[in-house]
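# mind folding the following:
(chains A, B, C and D)
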4 protein chains.
Amino acid sequence: MDDFNFSTDVQVRFAETDAQGIAHHAAFVVFLEVARVAWLDEYAGGYQSIRDRGIEALTTEVSLRYHRAARFHDRLTVWVRCAEIRGARFRYEYRIERAGELIADGHTGHATVDAATRRPIRVPDWFAAALATSV
Amino acid sequence: MDDFNFSTDVQVRFAETDAQGIAHHAAFVVFLEVARVAWLDEYAGGYQSIRDRGIEALTTEVSLRYHRAARFHDRLTVWVRCAEIRGARFRYEYRIERAGELIADGHTGHATVDAATRRPIRVPDWFAAALATSV
Amino acid sequence: MDDFNFSTDVQVRFAETDAQGIAHHAAFVVFLEVARVAWLDEYAGGYQSIRDRGIEALTTEVSLRYHRAARFHDRLTVWVRCAEIRGARFRYEYRIERAGELIADGHTGHATVDAATRRPIRVPDWFAAALATSV
Amino acid sequence: MDDFNFSTDVQVRFAETDAQGIAHHAAFVVFLEVARVAWLDEYAGGYQSIRDRGIEALTTEVSLRYHRAARFHDRLTVWVRCAEIRGARFRYEYRIERAGELIADGHTGHATVDAATRRPIRVPDWFAAALATSV
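The predicted structure follows:
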């Protein structure tokens, strides 16, 4: 994928299908999270290590466009990249493919907060540094 | 319903259906929880008030038998009763109906633990007393 | 709510919370669907009646901004309006509130397809007419 | 695992956790399904191939006992075996472990029905034969 260099695969579970016979659109929001968590494992020591340092990353925005339906048992490749970090906010972009065919794309926005006080805190330097290694 | 005197209604969401065109069986586990939470609102001051006192109620067992399929938009009545309290454990029983027809029945087992230490603690007296008011 | 005249309530289920102690962001996508289905009940004879006529409404876009966290047992009011119908496509807008406080807002895009062939078909006149009654 | 010779791994998703900070108990019902689907891939040509022959396998019973909590990102091994086939019914047994520690165990019951008529049909011979290869 142009401009993406990390992806993770998910396989559509039967529980994720709906009565239209396709993967329910809400399941894709979870697929984005699975990819984000895998990205954090790869580049930033894992989401749990972030939480262990007293930081929560809240989700402030989700946007998805669905281009093709996915079906039960389809293996989807979820490309993810961290596109921007600014102050207490950062943003990921995604592209979901099935055998090279575009199924969905989108982005999510996040904000780092102190886990105890829930107040916004700047994205830590080590996290910003981790980003630099991913591009 | 014989022997049940509390119920709550749920309506099957489209997201809860699957590619068989019916409510996915895992959704019923959530329906039981919705009924349990409504029961706690009615008889025990609400689940949050239990959590606020530093007690968590863990789920230790779920058992469900499915007799009829439920479909999108079906309105289901979930009957629930607290059937037994013993030491740190208690048990609920359920009967799910659609217009009087049996759709599913089952039970769940729970254990009270200290929220901080995660160690089992006896079901508090006030909770046992709440039970007494429900039968 | 300014410009909205239909809403439905949902109560955050325990199963919808996550380890941050708040309603998981994917649950809101389902809340939008619940509101859409209630809107269709009110204005268009229900989603099932649309499906019974051989039409499926696919979701082509979901966009949500999260302003405040919602917690277990919170009662949320989901305001919904059908904002636009054009050819085979239509769009809903949403505003989710808790006791008048803005929790999230967003929109979804949809396309009507023939349930058998999965080919796009114009939004039926009766559906467009139903819309007219809602504003 | 004694008497089990097939397993599949799942990793607890953040969306599957709840406000107790653990994997929600309903998520395990989906984990059993994931294991069943992987088992069908291995021994019976896949669940979709069964559906393609006009057969649906309904879930008639789910029973789970939870022994230890699972947490975000935990990698769980779901052991599964088809324990019994009788007429139109069959049964799976499961054992969920984390690094060899028992997390949950349980069983599910299923019935084969004609996808068009929804009437029970005997478990097909080729499916019973597939079972024989798995033990």
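# every contact and neighbour count from this point should use C-alpha atoms.
OK.
# tell me the secondary structure at the most centrally placed residue in chain A.
Nearest to the centroid of the C-alpha atoms of chain A, with distances taken as CA atoms, centre = their mean, sits A:Arg36, at 3.3 Å. Recorded secondary structure, A:Arg36: helix (DSSP: H, G, I helix; E, B strand; the rest coil).
# look up phi and psi at A:Arg119.
phi -90, psi 150 (degrees, to the nearest 10).
# how far away is it from A:Ala88?
10 Å (CA to CA, to the nearest Å).
# what residue of chain A is the furthest out?
Quick read of chain A (CA atoms, centre = their mean): farthest out is A:Ala19, 26.1 Å.
# list the contacts for the closest residue to that one other than its chain neighbours?
Sequence neighbours aside, B:Gly21 is the residue nearest to A:Ala19 in space, at 4.3 Å (criterion: CA to CA, 6 or more residues apart in numbering or on different chains). Taking CA atoms under 8 Å, 6 or more residues apart in numbering or on different chains, we find B:Gly21 in contact with A:Asp18, A:Ala19, A:Gln20, A:Gly21, B:Arg71, B:Phe72.
# look at B:Gly21 and report its pLDDT.
Per-residue pLDDT puts B:Gly21 at 94.
# so it, which of the three states?
Strictly by three-state DSSP, B:Gly21 counts as coil.
# excluding chain neighbours, what is closest to A:Arg91?
A:Gly109 (4.5 Å).
# A:Thr133: what secondary structure?
Three-state call for A:Thr133 (three-state DSSP): helix.
# nope, A:Ile96 is what I was after
Put simply, A:Ile96 is strand when judged by three-state DSSP.
# what pLDDT does it get?
For A:Ile96, the model assigns a pLDDT of 98.
# which residue is the nearest non-sequential neighbour of it?
A:Ile96 sits nearest to A:Val78 (CA to CA, 6+ apart), 4.5 Å away.
# got a list of what that neighbour touches?
Contacts of A:Val78 by CA under 8 Å, 6+ apart are A:Ser7, A:Thr8, A:Asp9, A:Val10, A:Phe31, A:Leu32, A:Ala35, A:Tyr94, A:Arg95, A:Ile96, A:Glu97.
# try 6 Å this time
A:Val78 makes contacts with A:Ser7, A:Thr8, A:Asp9, A:Arg95, A:Ile96, as judged by CA atoms under 6 Å, 6 or more residues apart in numbering or on different chains.
# tell me, how many neighbours does the closest residue to chain B within chain A end up with?
Nearest residue of chain A to chain B (CA to the nearest CA) works out as A:Asp18 at 3.8 Å. Using other CA atoms under 10 Å in any protein chain shown, A:Asp18 has 26 neighbouring residues.
# phi, psi of the residue nearest to it when sequence neighbours are not counted?
If the residues on either side of it in the chain are set aside, A:Asp18 comes closest to B:Asp18, at 3.8 Å by CA to CA, 6+ apart. Per-residue torsions, B:Asp18: phi -130, psi -180 (degrees, to the nearest 10).
# show me the contact partners of the lowest-mean-pLDDT helix or strand in chain A.
Sorting the helices and strands of chain A by mean pLDDT, DSSP states H and E puts helix A:125-134 at the bottom, at a mean of 78. Outside helix A:125-134, the residues that touch it by CA under 6 Å, 6+ apart are A:Tyr43, A:Ala44.
# and it, how far out from the chain's middle?
16 Å (CA atoms, centre = their mean, to the nearest Å).
# just give me the neighbour total for A:Ser49.
13.
# what mean pLDDT does the lengthiest strand in chain A get?
The longest strand of chain A (DSSP state E) is strand A:101-114. On average, the pLDDT along strand A:101-114 is 96.
# show me what that strand is packed up against.
Strand A:101-114 sits against strand A:55-66, strand A:89-98, with contacts defined as 3 or more CA pairs under 6 Å, 6 or more residues apart in numbering or on different chains; DSSP states H and E.
# output the ones you listed as CSV; include the columns mean neighbour count.
CSV is the format used below for the helices and strands packed on strand A:101-114 (neighbours: other CA atoms under 10 Å in any protein chain shown):
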stretch, mean neighbour count
strand A:55-66, 21
strand A:89-98, 21
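# that older thread, which one of the contacts of B:Gly21 is nearest to chain D?
For these, the nearest to chain D is A:Gly21 (12.0 Å; CA to the nearest CA).
# okay, the closest one and chain C: tell me how far apart.
11 Å (CA to the nearest CA, to the nearest Å).
# what does A:Arg51 give?
Per CA to the nearest CA, A:Arg51 is found 10 Å from chain C.
# kindly report the same for A:Phe28.
According to CA to the nearest CA, A:Phe28 and chain C sit 9 Å apart.
# now for the host helix or strand of that residue, which elements pack on it?
Per DSSP states H and E, A:Phe28 falls inside helix A:25-43. In terms of contacts (3+ CA pairs under 6 Å, 6+ apart), helix A:25-43 is not packed against any helix or strand.
# show me what that helix is in contact with.
With CA under 6 Å, 6+ apart as the criterion, helix A:25-43 contacts A:Thr8, A:Gly46, A:Tyr47, A:Ala130, C:Ala26, C:Val29.
# widest-spaced pair of those residues?
Greatest spacing in the contacts of helix A:25-43, by CA to CA: A:Ala130 and C:Val29 (30.4 Å).
# quick one: which of those two has more around it?
Applying other CA under 10 Å to A:Ala130 and C:Val29 shows that C:Val29 carries more neighbours, namely 22 against 16.
# out of the helices and strands packed on strand A:101-114, flag the one nearest D:Tyr66.
strand A:55-66 (28.2 Å).
# which one of A:Arg119 and A:Ala88 has more residues nearby?
Comparing A:Arg119 with A:Ala88 by other CA under 10 Å, the one with more neighbours is A:Ala88, at 16 against 13.
# wouldn't that one be in contact with A:Ala111 here?
Yes - counting by CA atoms under 6 Å, A:Ala88 touches A:Ala111, with 5.4 Å between them.
# quick check: buried residues in the least confident helix or strand of chain A?
The neighbour-count check on helix A:125-134 (16 or more other CA atoms under 10 Å in any protein chain shown) flags A:Ala128, A:Ala130, A:Leu131 as buried.
# also stretch A:71-90?
Quick answer for stretch A:71-90 (16+ other CA under 10 Å): A:71-73, A:75-82, A:85, A:88-90.
# any low-confidence regions in chain A?
Along chain A, the model assigns pLDDT under 70 to residues A:1-2, A:135.
# rerun at 80
Applying pLDDT under 80 to chain A flags the ranges A:1-2, A:130-135.
# follow-up on the earlier one: with the contacts of B:Gly21 in mind, which one is nearest to C:Asp105?
A:Asp18 (24.4 Å).
# now do the contacts for that closest one.
With CA under 6 Å, 6+ apart, A:Asp18 has these contacts: A:His24, B:Thr17, B:Asp18, B:Ala19.
# closest to chain C out of the residues you listed?
Out of these, the member with the shortest distance to chain C (by CA to the nearest CA) is A:His24, at 9.0 Å.
# was I right about that closest one contacting A:Ala15?
No - A:His24 is beyond contact range of A:Ala15, at 9.3 Å (criterion: CA under 6 Å).
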